[in-house]
Every structure is written in C-alpha cells, then in structure tokens.
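Participant: Sequence and predicted structure are below.
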Amino acid sequence: MNLETYYQSLSVEERALQFGVETADPLTGAFPRKRVVHAGLQGQVLPADQAQDIWQRLMAQRPDRTRLQTAYIHIPFCKTKCLYCGFFQNGTNQDEEDHYIDCLVQELEMAADQPRLRDGLIHAVFIGGGTPTSLSAANARRLLQTIRRCLPLANDYELTLEGRIHDLVPEKMETWLRCGVNRVSLGVQSFHTQIRRQVGRLDDQDTVLKNLAALKAYEQCAVVIDLIYGLPGQTERVWKEDLDALVASGVDGADLYQLNVFEDSDLSRAIESGRLPPAATTEEEAHLFALARDYMDRHAWKRLNICHWSCSNRERSLYNCLARSHSAMFPFGSGAGGHIDGYSTMLHRSLLPYEAMIEHGQKPFMALIKQNDLQNLVDTVQQQLEQGYLNLDGLAAARPELAGLRWLYQLWEKRGLVQDTGVLCKLTAAGEFWQVNVTQTTLECMQYLLTGKNGLAMEGIAAQDSQKVRDIVARMKAMKKHSGGMTDKIRAMQLMAETMKQLRPDEIQAVMKHMMD
C-alpha cells in the first residue's frame, strides 16, 4: 500500500477534496472547501450495561502521577442563542439551574474518593458551555467550592470559566475570583456593535470595553477573548478595527476563529431570507486570516496554536494545550466529553436522563467508547498540526508504515502548504488556514497506510443525513422537552440506553452535532 497508488485510484472530485489542487494561490484555493475533522480510526461503543462496571474499574485504579491531567465541567444553559452558535442546549431557568447544580455537585462528590481521581493531580479545569458565567453568584460559589473540595488541584492549576461580557458584574466577578478562578474566557466575537447585535450578542462596543476593563482591574486572572472573522457585514476594515480594539483592550490572550455557517442553522436561514448580508466566502476568510496573522505578528503577540495568541505571561492556555494530548480529561456535567486510559466518554446532553442517572448514583453516559489502539497516534497528529507542524520521523518510528506519509507532505510542499525544515514539516501561512483539511487528510491517509481502508469522508460530518440519525435526534429532542416524574426519568434512561446500542461512533458524532442545532 502506498499513497501515490491510492491517489491515482480516486476520482477527480475525491482527489481534490482529500489531497487538494495545484494553484497559484494556495491560501485561497488549495482545497475546494473546508472540512471537519472526524478521525477514521474509530473506537468501539460499549453496551450500556457494561459501561458502569468498566468505569468503576477505571476509577479504582491508581493514576500515573507523571502524567498531567485535566477536568472538563459543562454548564448547559444560555440566556440567549446566538445565530452562529452550535452549542446551545437549554435556555436559562433558575429552578432548572438550581437542580442541575445539585446534580453536578453530586457527580463531583461521587468521583472525589475514587483512587483514579483522588490520588492524582488535576492541572487544568475548564468550565465550558453553554454560558457558565450565566450561573447565579450563589450557584457559581457552590460549584467552585465543590471543585476545590473534590478535585486534587495542582499547586499551579489553571481554572478557566467561560462566558459572556454581559455577566461581568461585581457580585459575580468577585465570587469567581474568591473561589479560585484564575482564567476567564469570554466570547466577544466582534467589538462592532451592529455586527454583534445582528448575530445575537447583547452589549454595545463601549459596554464590552468597559466590562473587560473592570475584570482586568482585579489583576487576579488571565482574561482571554474570542473573536470571529467572516461574520455578515464584517469587511476587512471592520476586522482590522476589531484587532485594533483587541490590542487596546489589554486582555492577555485571544482566539481568532473562522466563522462556519452550518446548513439549516439559524444564521444560514437569516442569510438566506435576506435578514442578514452574506457571510464571507472561504476566499474572503483566507484574506481575513492572513490579515490577522500578519497583524498579530507585527504587534509581537505570541502564537500558542493556529487560532490562539497571547500577549502576556499570564496566559498559558494550559487546558487547550493538554486537550489534544494523551492527558486524561475527567468529564462532569450534561454534555461533557472526556477521555481516560483508553476510553472516550460522552455524557448525556439531555437534562432528563443526565439528572436521573446522577440521582441513581451512576455516571451519566450517553456513550462510553473503547478507543482504537492507535488513538495516541491520532491525538499526536491533531495536537502537532494544531501547533503548526508535524514530526513525520516520529510517526514513522512509532509505526514504520507511516513513513508513507512522506509522499503526501512532499506533494503539499510543492503546493505551498508545508515547508520541510529537515527536522519537522511546518505549515506555511496557507497550510495554517487549511489546517483542518490538512489534519483530516493526514488522518485518512494514516488509516489507509495502516489498514488498507479508504477513509475518505466526502461530507463534513459522517452520517449526518442518515434517516436513522434524524429519527434518533427527533426522539432525543422530544425527550429533552419532557418533564415527568421519577418513573418517566427511569423510562427515559432505558430508552437512551437502547438508543445508544443502535449507533456507530460516526453516527454518535452526527447525533451530537444535530442536538447542538
């Protein structure tokens, strides 16, 4: 098996999507379209009746204290749904929030005395969502105190709270900082008032800058913001103004993300109906990416990965750096994902089965997946390419068959996507913009070299349009709206367990995507 023979066997369309095309401008035209990473080396979904026993065995083991570990905690509530968002789960409701925090505290307490967690160290905790800052000050205090009581935090831990500018009020900020938060990540997306509000953000530019300054004034945490390029109406001039405002704001770091307009999303419908101007094309986004890359470099911001930048020593982005490594990630909360000792986890996104399982003293799995034996190599590739390079010699040393990737990277070097330094293959500016495509193709070619199987995924998310996936999503969303008593909760748990038996890992990914819509 070699990649050149495989390349020649593909149709023109398949070859272009997977390997790219020759072009005078690889920044804008190296591939026909952007892709989504979903590695072909799938694991095995374990039966629900085995998952609890396997998890208990994992948590009874002693940890390897030489390995860094993380925890992810999910808060599935938002006050509003932004048009571009793919992560909305539940609107804010105080009674539901109070009960959810009761369950989340119980989930953390159930794990606290298990050796796998208790006897190790947690170096980074990320509280994501949803909108974690939407929690009341009282509930935030309860959760943060439980984290510090139940998780063995390392002395130099990073504890990130994710949220929105609108929640930066003194009572909440002082609660977060008193209870151990030392990094706050905020979704600004754009400083431009009209562009913010047309996609569902609440505050104007002056309020954004004032609230950021108020949080910075405490001088007790790293302040990091997200900006998106390619939003409707966001010209190069507006994007440059966003970058000017970013630098002037004094924050410690920033993520610069490309806008993705998903089919059938609220944003897509708003554009199609004419309520919003078109979003940027891929070619236009390429120019916005290049503008930002050059801008940040000229202002001496440090690159931490393809999307993330830092301007102070306070911002380490430790959780994000560890997330793609082989580090254990303990999941807590409805919708949380994680991976521990060769197993990946997805916890129920629907509150009903999540809360019912917690009340029965069980880990609330939507699925527990035994990872493929090659998952560490997949993680290595994704982590390195997110850092802008790939060590081909290291991969070949781990598995000699992967020396065949050299042909692929030589092809991409000729096409302006990578540069071979003699030690590593580094992504060029064009390769950085197309990093997701580069990653997905690399993983698919690894699968071919190791198994002989063609892993080409022509769609962004595997199985996203299958009737089975649509039926299951409809069932889960209906269940999500149901508010019955304990008997109904138990029945819901049983139905969800039966549902998971029907799905392959790629179909679970598709269900997860649709449940976010």
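Facilitator: Yep, it's here. Numbers count the residues shown, from 1 in each chain.

Participant: Only C-alpha atoms from now on, for both contacts and neighbour counts.
Facilitator: Fine.

Participant: ok, and the closest non-adjacent residue to F262?
Facilitator: Ranked by Cα to Cα, 6 or more residues apart in numbering and with sequence neighbours excluded, the top spatial neighbour of F262 is S268, at 6.7 Å.

Participant: Remind me which helix or strand that neighbour belongs to.
Facilitator: Assigned by DSSP states H and E, S268 falls within helix 266-272.

Participant: buried residues in that helix?
Facilitator: Under the neighbour-count criterion of 16 or more other Cα atoms under 10 Å, helix 266-272 has D266, L267, S268, R269, A270 buried.

Participant: how far away is the third one from C78?
Facilitator: It refers to S268. 20 Å (Cα to Cα, to the nearest Å).

Participant: same check, this time on the first one
Facilitator: To C78, D266 is 16 Å away according to Cα to Cα.

Participant: now the last one
Facilitator: Distance, A270 to C78, by Cα to Cα: 20 Å.

Participant: so who does Q419 touch?
Facilitator: Q419 makes contacts with E413, C425, K426, L427, T428, as judged by Cα atoms under 8 Å, 6 or more residues apart in numbering.

Participant: likewise T345?
Facilitator: P331, G337, G338, H339, F365, M366, A367, L368, I369.

Participant: Take those residues and write them to JSON lines, including neighbour count and pLDDT.
Facilitator: JSON lines is the format used below for the contacts of T345 (neighbours: other Cα atoms under 10 Å; pLDDT from 0 to 100):
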{"residue": "P331", "neighbour count": "25", "pLDDT": "98"}
{"residue": "G337", "neighbour count": "23", "pLDDT": "95"}
{"residue": "G338", "neighbour count": "20", "pLDDT": "96"}
{"residue": "H339", "neighbour count": "22", "pLDDT": "95"}
{"residue": "F365", "neighbour count": "26", "pLDDT": "96"}
{"residue": "M366", "neighbour count": "26", "pLDDT": "93"}
{"residue": "A367", "neighbour count": "24", "pLDDT": "93"}
{"residue": "L368", "neighbour count": "27", "pLDDT": "95"}
{"residue": "I369", "neighbour count": "20", "pLDDT": "94"}
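
Participant: Among those residues, which lie within strands?
Facilitator: Among the contacts of T345, the members falling in strands (DSSP state E) are P331, G337, G338, H339, F365, M366, A367, L368, I369.

Participant: In TSV, list these along with distance to F126.
Facilitator: Converted to TSV, these look like this (distance: Cα to Cα, whole Å):
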residue	distance to F126
P331	10
G337	12
G338	12
H339	14
F365	19
M366	20
A367	21
L368	21
I369	22
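
Participant: for these, which one is nearest P152?
Facilitator: Among these, P331 lies closest to P152 (Cα to Cα), at 14.6 Å.

Participant: Point me to the helix or strand that includes N376.
Facilitator: N376 belongs to helix 375-386, assigned by DSSP H and E.

Participant: Not counting that helix itself, show me its contacts.
Facilitator: With contacts defined as Cα under 8 Å, 6+ apart, helix 375-386 is touched by 39, 41, 305-306, 321, 324-326, 342, 390-391, 395, 427, 435, 439, 443.

Participant: Please identify which pair of those residues lies farthest apart.
Facilitator: Once Cα to Cα is applied, these give G342 and L427 as the farthest pair, at 29.5 Å.

Participant: Can you point out the buried residues in the longest strand along the chain?
Facilitator: Ranked by residue count and defined by DSSP E, the top strand of the chain is strand 153-163. Using 16+ other Cα under 10 Å as the test for burial, strand 153-163 gives L153, Y157, E158, L159, T160, L161, E162, G163.

Participant: can the residues you listed go into a markdown table with extra columns for distance to P170 and pLDDT?
Facilitator: Formatted as a markdown table, these follow (distance: Cα to Cα, whole Å; pLDDT from 0 to 100):
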| residue | distance to P170 | pLDDT |
| --- | --- | --- |
| L153 | 26 | 98 |
| Y157 | 24 | 98 |
| E158 | 22 | 98 |
| L159 | 19 | 98 |
| T160 | 18 | 98 |
| L161 | 15 | 98 |
| E162 | 17 | 97 |
| G163 | 15 | 96 |
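
Participant: Dump those to CSV, plus distance to S11.
Facilitator: Listed next are the buried residues of strand 153-163 as CSV, based on distance: Cα to Cα, whole Å:
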residue, distance to S11
L153, 52
Y157, 50
E158, 48
L159, 48
T160, 46
L161, 47
E162, 44
G163, 45
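
Participant: how about these, which pair is most distant?
Facilitator: Farthest-apart pair in these is L153 and G163; separation 22.0 Å (Cα to Cα).

Participant: picking up where we left off before, higher neighbour count, G342 and L427?
Facilitator: L427 (26 against 17; other Cα atoms under 10 Å).

Participant: Look up phi and psi at the more buried one.
Facilitator: Here is the backbone geometry of L427 (degrees, to the nearest 10): phi -70, psi 140.

Participant: Leaving out chain neighbours, which residue sits closest to it?
Facilitator: Leaving out its chain neighbours, the residue that sits closest to L427 by Cα to Cα, 6+ apart is V418, at 4.3 Å.

Participant: Which helix or strand lies directly C-terminal to the longest helix along the chain?
Facilitator: In the chain, with assignment by DSSP state H, the single longest helix is helix 94-112. Next helix or strand after helix 94-112 toward the C-terminus (DSSP H and E): helix 115-118.

Participant: other SSEs contacting that next one?
Facilitator: With contacts taken as 3 or more Cα pairs under 8 Å, 6 or more residues apart in numbering; DSSP states H and E, helix 115-118 sits against helix 48-60, helix 94-112.

Participant: Mind checking the ones you listed for the one nearest to G130?
Facilitator: helix 94-112 (12.1 Å).

Participant: Would you mind getting the angle between that closest one and helix 48-60?
Facilitator: 60 degrees (axes from the mean of the first three to the mean of the last three Cα atoms, to 10 degrees).

Participant: what's the neighbour count on I165?
Facilitator: I165: 22 neighbours (other Cα under 10 Å).

Participant: Wait, it touches L186, no?
Facilitator: Yes. I165 is in contact with L186 according to Cα atoms under 8 Å; the separation is 6.4 Å.

Participant: what sits against D373?
Facilitator: Each residue near D373 by Cα under 8 Å, 6+ apart is listed here: G342.
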